[in-house]
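1. Provided below are the primary sequence and the corresponding predicted coordinates.
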Amino acid sequence: MEKVTLALAKGRLSEKAMGLMARAGIRSKEFDELGRKLVFEDDSGAYRFILVKPSDVPTYVDHGVADVGIVGKDTLMEENRPLYELLDFGFGACRMCVCGFEGRRPPVGAPLRVATKYPRIARAYYGEKGQNIQIIKLNGSVELGPLVGLSDVIVDIVESGGTLKANGLAVLEEVAPLSARLVVNRVSMKTKTEKIQRLIEGFKQALKEDEA
Ligand code: PRP
């Protein structure tokens, strides 16, 4: 039997994704020891899971080594791969925002210096506004940018707002709402249509029961 391979994002989303899968009737004894084994199957043998870094989920699905992926909308926007985005899980809800010191304006005439882990999202956002910017790519602790004078603002994820508050920063503009999404490889959608549709139906049912 041909398996359906799911790429799961390690970290924040993985526990919620496992919970939803269990409610959709997909179980694996490996779920309990998540993080060690990178490739494993569900107990029925119908599904194979690969556990990958969140930003790599779209890559695995795009290349077809995973048929399906569960990943944050932020990563999808940043990676911009030609995948089918078929379901909004709703969990992992947060916002992509422009943040900085309230009331502070960058020097007139100079490009706005934007520190971010998401250069594509930031470029697209400011490109649409026709604003001249300089991107400073960081890999974490982006809030430091304005604090130490590396950047005027940041484009980053805000979840609880705790990190901003602790550092005296505020949301200045909202770029996009975010949450976990289901993505599907375009070829897999044709070759494994029934299995993938069944999987999606299972997820939808579980989500409906969550709401009830
Ligand atoms: C993310 C994000 C913010 C923070 C937002 O960082 O980049 O820094 O979480 O969450 P909050 O609004 O609930 O405080 P992450 O924890 O992934 O770490 P990083 O800065 O090292 O990327």
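-> Arrived safely. Numbers count the residues shown, from 1 in each chain.

2. same for the lowest-mean-pLDDT helix or strand in the chain, what does it pack against?
-> Comparing every helix and strand of the chain by mean pLDDT, DSSP states H and E singles out helix 14-23 as the least confident one, with a mean of 90. When contacts are defined as 3 or more CB pairs under 8 Å, 6 or more residues apart in numbering; DSSP states H and E, helix 14-23 sits against strand 4-9, helix 193-211. (C-beta placed from N, C-alpha, C; glycine too.)

3. Try it again at 7 Å.
-> Contacts of helix 14-23 with other secondary structure elements, assessed using 3 or more CB pairs under 7 Å, 6 or more residues apart in numbering; DSSP states H and E, are made with helix 193-211.

4. Please save the CA atoms from the helix it packs on in CSV.
-> In CSV, the C-alpha atoms belonging to helix 193-211 read as follows (Å, rounded to 0.1, in the frame of the first residue of the first chain):
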residue,chain,number,x,y,z
THR,A,193,-6.2,12.1,-4.5
GLU,A,194,-8.4,9.7,-2.5
LYS,A,195,-6.0,9.2,0.4
ILE,A,196,-5.3,12.9,0.7
GLN,A,197,-9.0,13.8,0.6
ARG,A,198,-9.7,11.2,3.3
LEU,A,199,-7.0,12.7,5.4
ILE,A,200,-8.4,16.3,4.9
GLU,A,201,-11.9,15.1,5.8
GLY,A,202,-10.5,13.5,9.0
PHE,A,203,-8.9,16.8,9.9
LYS,A,204,-12.0,18.8,9.1
GLN,A,205,-14.1,16.5,11.2
ALA,A,206,-11.7,16.7,14.2
LEU,A,207,-11.7,20.5,13.8
LYS,A,208,-15.5,20.6,13.8
GLU,A,209,-15.6,18.4,16.9
ASP,A,210,-13.2,20.9,18.6
GLU,A,211,-15.5,23.7,17.9
